[in-house]
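Colleague: Let's see this in three dimensions:
(one chain, ligands or ions: 1)
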Amino acid sequence: MKVTESALDAIGNTPLVKLRAASEATGCAIYGKAEFMNPGGSVKDRAALAIIRDAEATGALKPGGTIVEGTAGNTGIGLAMVANALGYRTVIVIPDTQSDEKKSMLRLQGAELIEVPAVPYSNPDNYVKYSGRLAQQLNAREPNGAVWANQFDNVANLRGHEETTGPEIYQQLGGQVDGFVCAAGTGGTLAGVGRALKSRKPDVKIALADPMGAALYSYYTTGELKSSGSSITEGIGQGRITANLAQAPVDFAYQIPDEEALPIVFDLAAKEGLLLGGSSAINIAGAIRLAKQLGPGKTIVTVLCDSGARYASKLYNPAFLREKGLPVPGWLA
Ligand code: PMP
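Modeller: Here you go, the predicted structure:
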């Protein structure tokens, strides 16, 4: 077992967990990269660390400086954790639709939280644009300056995955990986892991799993950014080609309704001991689609982004599910 000098060194090197039912149903070996085991509890710890290290290296982030970000929650939690460990302050702008569990976690970590109404990216008050303006204002005002993490268009994000997540997957499987699939928020995971795997094994297939309400499935299949429907999942579902997504080597794209994805994580909790968030549900549904497309005997990897504990009041709340017209699993009801 590894001994680390700080919480930061405990980020990454997560296990690959075999997903039994998904593997049995497809005749493939389907693995989930257990990113919920990172110290901040999600895949976004890696992006947070990579973005902060990059801002230090360029000199943009000075000792005692402030990090500002617009985030659905997990990036903020990762940034606050890394910032606490390194002596920076964090200011987080979050859409008010995100789960209370994530908001409390941010407060516990001492992040200054600004909740804003959830409005589309085209609106100047969108949380991402709001956070960019706030970073500029704080940079002019704070004695040690402020930086905007800008996870969507800062490619330090994808480089973090290209240098850690992707190579770990390749090594863990001794190069025996045929496909990788995940959903995109910023696209950092998809682009970074995709690039790392393609550079080591050019015939590996990279697939996007898109929730309803996102525009990327349409983009990768028709060239047009178009969306319809909605999803209760959080942290994924992009409407534009971010700078991170622009570098994603995407072979296939799938559109996954919540009705297809959610029963998978409900079963995983009850039968395989894995309590996961909604984006993991979309990812695993995508892995099953890719496994069916590639045929039996293949090895497919996806990402278990965060824990279901972050969504006790929503995804794992029967009243919430009923209100959304979604099926409630027997064990939860
Ligand atoms: N799942 C969850 C729960 C997330 O918070 C995020 C990031 N917003 C993602 C998946 C998507 O990761 P990425 O930003 O690398 O596309």
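Colleague: What distance do you get for whichever residue of the stretch 1-150 of the chain sits closest to the ligand to residue 246?
Modeller: Going by C-beta to the nearest ligand atom, the ligand is nearest to residue 74 of the stretch 1-150 of the chain, at 3.5 Å. Using the backbone N, CA and C atoms, a C-beta is placed for each residue, glycine as well. Taking C-beta to C-beta, to the nearest Å as the measure, residue 74 falls 22 Å from residue 246.
Colleague: same deal with residue 75?
Modeller: Distance from residue 75 to residue 246, by C-beta to C-beta: 19 Å.
Colleague: what does residue 108 give?
Modeller: Counting by C-beta to C-beta - residue 108 and residue 246 are separated by 35 Å.
Colleague: what's the answer for residue 31, then?
Modeller: Using C-beta to C-beta, residue 31 is found at 27 Å from residue 246.
Colleague: For stretch 73-84, the averaged confidence score.
Modeller: Stretch 73-84 comes out with an average pLDDT of 96.
Colleague: change the start of the numbering to 48 and stick with it
Modeller: Right, with 48 as the first residue, what we last looked at is stretch 120-131.
Colleague: where in this protein is pLDDT low?
Modeller: Judged against pLDDT under 70, the chain has no low-scoring part.
Colleague: quick one on the thing from earlier: pick out whichever of residue 122 and residue 293 has more residues nearby.
Modeller: Neighbour count, other C-beta atoms under 10 Å: between residue 122 and residue 293, residue 122 has more, with 29 against 12.
Colleague: residues near residue 365, how many?
Modeller: Residues lying near residue 365 (other C-beta under 10 Å) number 12.
Colleague: residue ranges for the strands of this structure, please.
Modeller: For the chain, applying DSSP state E gives strands covering 63-65, 76-81, 113-117, 136-142, 159-163, 193-195, 226-229, 252-258, 299-303, 346-351.
Colleague: And the first one, what's buried?
Modeller: For strand 63-65, a neighbour-count test (16 or more other C-beta atoms under 10 Å) marks 63, 64 as buried.
Colleague: number of nearby residues for the residue nearest to residue 327 when sequence neighbours are not counted?
Modeller: Here the nearest residue to residue 327 in space, its sequence neighbours aside, is residue 351; by C-beta to C-beta, 6 or more residues apart in numbering that works out to 4.8 Å. A count of nearby residues for residue 351, using other C-beta under 10 Å, gives 29.
Colleague: How about the contacts made by residue 351?
Modeller: By C-beta atoms under 8 Å, 6 or more residues apart in numbering, residue 351 lies in contact with 64, 79, 80, 81, 82, 83, 321, 323, 327, 330.
Colleague: is it true that the first one touches residue 81?
Modeller: In other words, residue 64. Yes - using C-beta atoms under 8 Å, residue 64 is in contact with residue 81, at 5.2 Å.
Colleague: What parts of the protein come near the ligand?
Modeller: Contact residues (C-beta under 6 Å from any ligand atom) of the chain with the ligand: 89-91, 119, 121-122, 230-237, 281-283, 324, 326, 352-353.
Colleague: ok, now how distant is whichever residue of the stretch 248-380 of the chain sits closest to the ligand from residue 122?
Modeller: For the stretch 248-380 of the chain and the ligand, the shortest gap (C-beta to the nearest ligand atom) falls at residue 282, measuring 2.5 Å. Using C-beta to C-beta, residue 282 is found at 8 Å from residue 122.
Colleague: Now for the two: what residues contact both?
Modeller: By C-beta under 8 Å, 6+ apart, residue 282 and residue 122 have these common neighbours: residue 91.
Colleague: Which residue is most remote from the mean position of this protein?
Modeller: The centre of the chain is farthest from one residue, residue 190, which by C-alpha atoms, centre = their mean lies 32.6 Å away.
Colleague: Name the nearest residue to residue 159, sequence neighbours excluded.
Modeller: Once flanking residues are discounted, residue 159 sits nearest to residue 138: 4.6 Å by C-beta to C-beta, 6+ apart.
Colleague: ok, residue 315 touching residue 68?
Modeller: Yes - Residue 315 lies in contact with residue 68 (C-beta under 8 Å); the separation is 7.5 Å.
Colleague: neighbour count winner among those two?
Modeller: Neighbours per residue (other C-beta under 10 Å) separate residue 315 from residue 68, with residue 315 holding more: 24 against 15.
Colleague: Could you give the bridge partners of the residue nearest to residue 159?
Modeller: Beta-bridge partners for residue 138, by DSSP bridges, are residue 115, residue 159.
Colleague: Might you report the residue contacts of it?
Modeller: 113, 114, 115, 116, 158, 159, 161, 181, 185, 193.
Colleague: I'd like the residues you listed laid out as CSV, including neighbour count.
Modeller: Putting the contacts of residue 138 into CSV (neighbours: other C-beta atoms under 10 Å) gives the following:
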residue, neighbour count
113, 23
114, 27
115, 28
116, 30
158, 25
159, 14
161, 15
181, 19
185, 19
193, 23
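Colleague: Among these, which one sits closest to residue 337?
Modeller: Nearest to residue 337 among the contacts of residue 138, counting by C-beta to C-beta, is residue 116 at 31.2 Å.
Colleague: so residue 227 touches residue 256, yeah?
Modeller: No - look at residue 227 against residue 256 with C-beta under 8 Å: they stay out of range, at 10.7 Å.
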